[in-house]
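Undergrad: Provided below for reference: sequence and predicted model.
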Amino acid sequence: MRRGTGDSATRRESRLPVSVTPPASEAQDEARTMGEEVYVRLRSDLLAGRLHPGQKLPLRQLSAHYNVGIAPLREALSRLASERLVHFEGQRGYAVAPISLEDLHDLCSLRIDLSCKALRKAIERGDEDWEAEILAALHRLERSAMPESLGDDAAIDEWERRHDRFHHSLISACGSPWLLHFCQTLSDQFQRYRRVIIVEIAGSQDLLTRVRRQHRMIAEAAIARDADKATDILARHFEGSVKIVADRYAKISGKLEGSGKRRARRQPR
C-alpha cells in the first residue's frame, strides 16, 4: 500500500505543468540590460545635442521613442541627473540640463587644470605603447571626414569619437583612474557646447588648419617629453575652443532656446 501511494504521488508529480516564468534573477538581469541600453542611448543624444538644453523630457514620450518601459527609463534619467546632464524639477519632471557662459568657463577652467596635470603625469610615466597610441589616434583624427551640416550626425559622431580617443590617449598613462574619470566627465560635458560649432570649424579652412596643427604639436611635445610645451599648447587649445563658443553664444543659445520651446509645445502633458 505504501509503495502504491508513493508510486501514485510520483505519477502525479510527473504530470504537474512546467513553470515558464523566468527566475527572478533573470528578470532582474533583463531589466538592468534595458536600463543600461536606454541610459547609453539617452546619454548619447544629450551629448550630441539631439535633445536640446532646457527641453522637457516627458516619460511617456521618451518611453515610446526609445521603446522601453517607464521603470528602466526612470533609472536611466536618475543616473543622468547625477551626471548633471538632466535636471529633475519635482512635479514638473525631467528636463535637459541648460547651458550658460558661466558654466562653460567654469568647465573650461577645471578641464585645463585637470587635463594638464594628467598630461604631465602621463609624460613622466608613458612608455612606447603610450607613444604609439597617441600617434595612431592622431592619424585617425586627421583622416576623419568633417561634417558639412549640423544634420550630418554620422560624420559628427565619428569625428567626436576620434577626437575623444586622441585626447584620452594623451593622458592615458597618467596612472590615476580617478583623474582619468574626472577628465572624461569634463570632456563629455564640454562636448555639449562643442557640437554646436563643429560645422563652423569644418567650414573655415584657417580655423580647421589651426586646430589640426595644435593637435599635432601637443602630440609631438608629449612624445618629446616636453611637459611645459605640451601643457601650454593643450591649455591654449581648450581656451581657443571656449572662445569660439563664447563669441557665438548669443546666436547659439537663441537657436537652442527657440528649438526647445517649439519641442515643448508639441510634447504631451
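TA: Cool, the structure landed.

Undergrad: Who are the packing partners of the strand or helix carrying Leu207?
TA: Under the criterion of DSSP states H and E, Leu207 resides in helix 205-223. Using 3 or more Cβ pairs under 8 Å, 6 or more residues apart in numbering; DSSP states H and E, the elements in contact with helix 205-223 are helix 101-125, helix 128-142, helix 153-171, helix 198-203, helix 227-247. Bear in mind the C-beta positions are built from the backbone N, C-alpha and C, glycine included.

Undergrad: Compare these and say which comes out lowest on pLDDT.
TA: Sorting the helices and strands packed on helix 205-223 by mean pLDDT places helix 198-203 lowest, at a mean of 65.

Undergrad: With only the CA atoms kept, save stretch 148-166 in CSV.
TA: What follows is stretch 148-166, C-alpha atoms only, in CSV (Å, rounded to 0.1, in the frame of the first residue of the first chain):
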residue,chain,number,x,y,z
GLU,A,148,29.1,69.6,-43.7
SER,A,149,26.0,70.4,-41.7
LEU,A,150,24.6,70.1,-38.1
GLY,A,151,22.3,67.4,-39.5
ASP,A,152,25.3,65.2,-40.5
ASP,A,153,25.1,63.2,-37.3
ALA,A,154,27.1,60.3,-38.6
ALA,A,155,30.1,62.4,-39.5
ILE,A,156,29.9,64.5,-36.3
ASP,A,157,29.6,61.4,-34.1
GLU,A,158,32.6,59.8,-35.8
TRP,A,159,34.7,62.9,-35.5
GLU,A,160,33.8,63.2,-31.8
ARG,A,161,34.8,59.6,-31.2
ARG,A,162,38.2,60.1,-32.9
HIS,A,163,38.7,63.4,-31.1
ASP,A,164,37.9,61.9,-27.8
ARG,A,165,40.2,59.0,-28.4
PHE,A,166,43.1,61.4,-29.2
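
Undergrad: Give me the contacts around it.
TA: If you take Cβ atoms under 8 Å, 6 or more residues apart in numbering as the criterion, stretch 148-166 is touched by 48, 50, 134, 137-138, 140-141, 144-147, 187, 191, 195-196, 198-199, 202, 215, 219.

Undergrad: returning to what we had before: now do the helix holding Leu207 against helix 227-247, angle only.
TA: 150 degrees (axes from the mean of the first three to the mean of the last three Cα atoms, to 10 degrees).

Undergrad: how about helix 205-223: buried residues?
TA: For helix 205-223, a neighbour-count test (16 or more other Cβ atoms under 10 Å) marks Val211, Gln214, His215, Met217, Ile218, Ala219, Glu220, Ala221, Ala222, Ile223 as buried.

Undergrad: pLDDT score assigned to the fourth one?
TA: Spelled out, that is Met217. Listed pLDDT for Met217 reads 98.

Undergrad: For it, which non-adjacent residue is closest in space?
TA: Distances taken as Cβ to Cβ, 6 or more residues apart in numbering put Ile233 closest to Met217, at 5.2 Å, once the chain neighbours are dropped.
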